[in-house]
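J.: What shape does this take:
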Amino acid sequence: MMLKFKFFSHTADIKFRAYGKSLDEVFKNSSYALINSVVDSKIEEKKKLRVKVKGKDIESLLYNFLEEILFLIDSKHFFVSKIKNLKIDKKNFKISAEFYGDNGKNLKVFSHVKAITYSEMFVKKIKNKWISQVVLDI
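T.: I've put the predicted structure just below:
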């Protein structure tokens, strides 16, 4: 089984790399790394939200996708548990997905992510797997 994501030490911030066999999978695993940076308990799949996000390139698409998750946490207290039907239009840099999750009333939130950053960010294919790297401002 392939490693989904891994955290690295970073001064005053959180840095992770996510891995996937496809671009879709690396976007999902990047999202799960973000969520695992914020909450330390199982999130139930009680609600479903559909999202659509655009970008200028693949990095900005990932940035905007993660920003959407952060926005849902901060503004609606919606924590994503699972991502389904994720579709990436690589030509036009668009993404659509269904987020399943809950409002987080019973969750242990242990850190507050202020922002996703472009610092050290990349999304690339190496051999047969995709890798993303993201730094979160906490």
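J.: all strands of this structure, in order?
T.: Taking DSSP state E as the criterion, the chain carries its strands at 5-8, 13-20, 47-54, 79-89, 94-102, 115-126, 129-137.
J.: Between those strands, which one is closest to Asn36.
T.: strand 5-8 (7.5 Å; CB to CB). To be clear about C-beta, it is placed using only N, CA and C from the backbone, and glycine gets the same treatment.
J.: Give me the buried stretch members for the closest one, please.
T.: For strand 5-8, burial by neighbour count (16 or more other CB atoms under 10 Å) applies to Phe5.
J.: distance between it and the chain's centre?
T.: Centre-to-centre, strand 5-8 and its host chain are 13 Å apart (CA atoms, centre = their mean, to the nearest Å).
J.: Show me what that strand packs onto, helices and strands only.
T.: The helices and strands touching strand 5-8, judged by 3 or more CB pairs under 8 Å, 6 or more residues apart in numbering; DSSP states H and E, are strand 13-20, helix 23-38.
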